[in-house]
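Novice: Mind folding the following:
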Amino acid sequence: MKARLCIDAAIGEQRRALLDQDGQPFRLEIERWSERGRRVRLGEVWWGRVRARMPGHRGWFVDLGAAGEGPSREGVVEPTRAAAVTEGAMLAFRVKSEAWADKSAVLSLADISPALAAPDRPALHAPASEDPFLRGIEIVETLEGLPARREIDDAIEQAGAATVALPGGGDIAIEVTRGLTAIDVDAGSRIAEHDGAAFALNLNLAAAQEAARQISLRGLAGLLAVDFLRMDARRDQRAVVERFRHALAAQLGRASEVLELSGLGLCEAAIARRARPLAEALAAAPDEREALDALREIESVGLSARASRIHARISPAAHAWLDRNVVDWRPALADRIGRRWTLEAVDGRTGPPQVWSAT
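Specialist: From the prediction side, this is the model:
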């Protein structure tokens, strides 16, 4: 699949997005500087210490030694017949699925030379051999700087919408629950065609394409159920399922299990989780989130108004986060726009940072 790559290497946070040939985003990745070295990434190989067997003999807990806490520093290896997987063993593992929420990373035994000596303690052995974010993609253009930043801001806004409009009318509503993701197709204000069967088919084909894009954009996985408009013809039902199946494969870069429509018109799918969901990537603490947004806006205004002083008003909590220098942001920001910003903490301030330029 051909796509444009957008890279926003902001201060404190790197964001990437892929845009399809229509200019629509379909993959997003966010990595905060504060997370570097604190969580394991898809495709990496880690030396890990087998810690204990999981309840019900469902596999093993593995200490990976990452700097984070809880699920971010350990993984689980699924049941295996490998005799080497015993409590206390130091083994090389490949990351099959990243940690998210309270779920640990899923691991598999890595294929490395048996002559390679294991280290004394858990540690990263090797980065991913290929960039998982670009899997199945042919990059035709790369955008950086402010144009990429605008595209990514728009992509994040799209990914946060509960309802998404369809070309020609109608919409899909997306609801994520603990057990599954439900997607409902609604005709809304779409202009009806004289042929009711053609109307349902065309709407469902558009919904299948958009649902696949939204699933990929939001990093959704696990069980999904899509409630399409009723179609009586088996040929039409198969066409919609095939559109959904092929669109998912193209957007995700891998095949997923997509079942035929049920008697009630539901299409069920099981999508293997690989990277963490977008909502998890965005879920920084409020003070850090506000501080990072302020730094990005200061940089954007500074690049647009190169001879001006930049002022920002933020909450005391965000100001304190920046003062703690959790990430070394000052020299990086000065290198990009010069030391010409002023940060003001305002008691009781809520909402996004207020940033402006003045001569």
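
Novice: Helices of the protein, start to end?
Specialist: Under the criterion DSSP state H, helices of the chain are mapped to 145-159, 196-218, 234-252, 278-282, 286-304, 316-323, 329-337.

Novice: contacting residues around the shortest one?
Specialist: To tie it back to what came earlier, the one meant is helix 278-282. Helix 278-282 has contacts (Cβ atoms under 8 Å, 6 or more residues apart in numbering) with 28-31, 100-101, 156, 159, 176, 217-219, 289. Glycine gets a C-beta too; all of them are placed from N, C-alpha and C.

Novice: 7 Å instead, please
Specialist: For helix 278-282, the surrounding residues in contact (Cβ atoms under 7 Å, 6 or more residues apart in numbering) are 28, 30, 100-101, 159, 218-219.

Novice: between these, which is nearest G253?
Specialist: Nearest to G253 out of these is G219 (Cβ to Cβ; 12.6 Å).

Novice: Check the gap between L201 and A247 for me.
Specialist: 16 Å (Cβ to Cβ, to the nearest Å).

Novice: The spatially most central residue of the chain and A221: what is the separation?
Specialist: What sits nearest the mean C-alpha location of the chain, by Cα atoms, centre = their mean, is L278, with 3.4 Å. Here L278 is placed at a distance of 11 Å from A221 (Cβ to Cβ).

Novice: again, but for A173
Specialist: From A173 across to A221, the span is 19 Å (Cβ to Cβ).

Novice: Same check on V326?
Specialist: 30 Å.

Novice: When these two are compared, which one has more neighbours?
Specialist: Just comparing V326 and A221: by other Cβ atoms under 10 Å the higher neighbour count belongs to A221, 21 against 15.

Novice: which residues does the more buried one contact?
Specialist: 271-273.

Novice: Neighbours of A320, how many?
Specialist: With other Cβ under 10 Å as criterion, A320 counts 13.

Novice: Over to A165?
Specialist: Neighbours around A165, by other Cβ under 10 Å: 13.

Novice: and the nearest residue to it once chain neighbours are set aside, what does it touch?
Specialist: Counting by Cβ to Cβ, 6 or more residues apart in numbering, A165 lies nearest to D171, which is 5.0 Å off, once chain neighbours are set aside. Contacts for D171 (Cβ under 7 Å, 6+ apart) come out as 163-165, 186, 188.

Novice: Report the lowest-confidence entry in the residues you listed.
Specialist: On pLDDT alone, G188 ranks lowest of the contacts of D171, at 86.

Novice: Relative to G170, how far out is it?
Specialist: According to Cβ to Cβ, G188 stands 5 Å off from G170.

Novice: And for A225?
Specialist: For A225 relative to G170 (Cβ to Cβ), the value is 18 Å.

Novice: These two: which is more packed in?
Specialist: Neighbour count, other Cβ under 10 Å: between A225 and G170, G170 has more, with 22 against 16.

Novice: my guess is the more buried one contacts D184, does it?
Specialist: No: at 10.9 Å, G170 does not count as touching D184 under the criterion of Cβ atoms under 7 Å.

Novice: what is the residue lying closest to A207 once chain neighbours are set aside paired to in the beta sheet?
Specialist: The shortest distance from A207 to any non-neighbouring residue, by Cβ to Cβ, 6+ apart, is to V185 (4.3 Å). Per DSSP bridges, the residues bridged to V185 are I172.

Novice: Now do V185: how many residues are near it, please.
Specialist: Neighbour number of V185 under other Cβ under 10 Å is 25.

Novice: mind listing what it touches?
Specialist: V185 neighbours (Cβ under 7 Å, 6+ apart): 172, 203-204, 207, 227-229.

Novice: now those in TSV, with pLDDT?
Specialist: Output for the contacts of V185, formatted as TSV (pLDDT from 0 to 100):
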residue	pLDDT
I172	97
L203	95
N204	96
A207	97
D227	97
F228	96
L229	94
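
Novice: Out of the residues you listed, give me the one that has the most neighbours.
Specialist: Most surrounded of the contacts of V185: other Cβ under 10 Å gives N204, at 29 neighbours.

Novice: does it really touch R230, like I thought?
Specialist: No: under the criterion of Cβ under 7 Å, N204 makes no contact with R230, lying 9.4 Å away.

Novice: Could you tell me how many residues sit around A358?
Specialist: Here the number of neighbours of A358 (other Cβ under 10 Å) works out to 9.

Novice: Run through the residues that contact the residue nearest to it when sequence neighbours are not counted.
Specialist: In space, and not counting its chain neighbours, A358 is closest to R309: 5.5 Å by Cβ to Cβ, 6+ apart. Applying Cβ under 7 Å, 6+ apart, we find R309 in contact with 340, 342, 357-358.

Novice: what does A294 give?
Specialist: A294 neighbours (Cβ under 7 Å, 6+ apart): 312, 314, 318, 353, 355.

Novice: Out of these, grab the one that's most surrounded.
Specialist: I314 leads the contacts of A294 on contacts (other Cβ under 10 Å) with 27 neighbours.

Novice: Perfect, that will be all.
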